[in-house]
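> I would like the atomic coordinates for the input below:
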Amino acid sequence: MLLLCYAASSQQLSQISFNNASTLSWFTFSTDQGVLIRISDEGKILEYGTELMSERSTNYYAPKLQPYMGRVDNFGNEADTAFKGKVKNIGNCYFTYYGGFEVEEKRGKLKSIGRINLDYFTKFDSPTMKGKLKTAGSFNLDYYAMTESEGVRGKLKMVGVTRIVYNSIFDDKMIQGKVKSIGSVAYNWGTSLDPKGYGGVLKSGNYRQNVDGITYILR
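Residues are numbered from 1 along each chain as shown. Next comes the predicted model:
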């Protein structure tokens, strides 16, 4: 059984989620009303709502958010063409977007979520990271360069002072590219030497772990 769970009542970067290959899935921001807003690393709103937590396990939540039933408005035809039709507000949380006059890498992307300002890499910052989220409020973000090894290139590297390390292509084939550590928290995965069915399964560390004030979620 799953229970409805609300986020803390303040606007903040609250979660970062990775898929099974430890590639970034989304950044999640919480609003003053406890609504979670998931966005891509290129500033697109993917989903918003509230979490359902399992009654039997405090560390398991339904992957999909429950829809927000309050007021949601979109920008009308009078808006800049770069963000016409996009979400204007979810409840009392209002959004702004970069306009059509901005550089290509920012145009039409989220500029703010409530009081949280967002910025993006441009080709002048890094040709390989252009368009990706660079700052989220007080958090500076960084990614592994495309010149890095295949297992890590393009993946999230830093969130503020928190460094994310991945297993390399020289590690066991079942754990290559998977998260090895987030800040001081280490993750240990089953390898091809483990019994059948345990390869690639997390052996130590939590799938959902708070590190330096942000909840990191591995799926």
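
> switch to C-alpha atoms for all contacts and neighbour counts from now on
OK.

> In the chain, where's the longest strand?
Counting residues, the longest strand found in the chain (DSSP state E) is strand 45-54.

> Identify the residue nearest the geometric centre of this structure.
residue 27 (2.1 Å; Cα atoms, centre = their mean).

> what is the mean pLDDT for the longest strand of the chain?
For strand 45-54, the mean per-residue pLDDT is 91.

> same question, stretch 172-179
The average pLDDT within stretch 172-179 is 94.

> Which strands or helices does the longest strand of the chain pack on?
Applying 3 or more Cα pairs under 8 Å, 6 or more residues apart in numbering; DSSP states H and E, we find strand 45-54 packed against strand 2-5, strand 36-39, strand 66-67.

> For that strand, buried residues please.
45, 47, 48, 49, 50, 51, 52, 53, 54 (16 or more other Cα atoms under 10 Å).

> what's the answer for stretch 124-131, then?
Of the residues in stretch 124-131, those with enough neighbours to count as buried (16+ other Cα under 10 Å) are 128, 129, 130, 131.

> try stretch 195-208
Neighbour-count burial for stretch 195-208, counted by 16+ other Cα under 10 Å, picks out 199, 200, 202, 206, 207, 208.

> what bridges to the last one?
According to DSSP bridges, residue 217 are recorded as the beta-bridge partners of residue 208.

> Right, I'll call it a day here.
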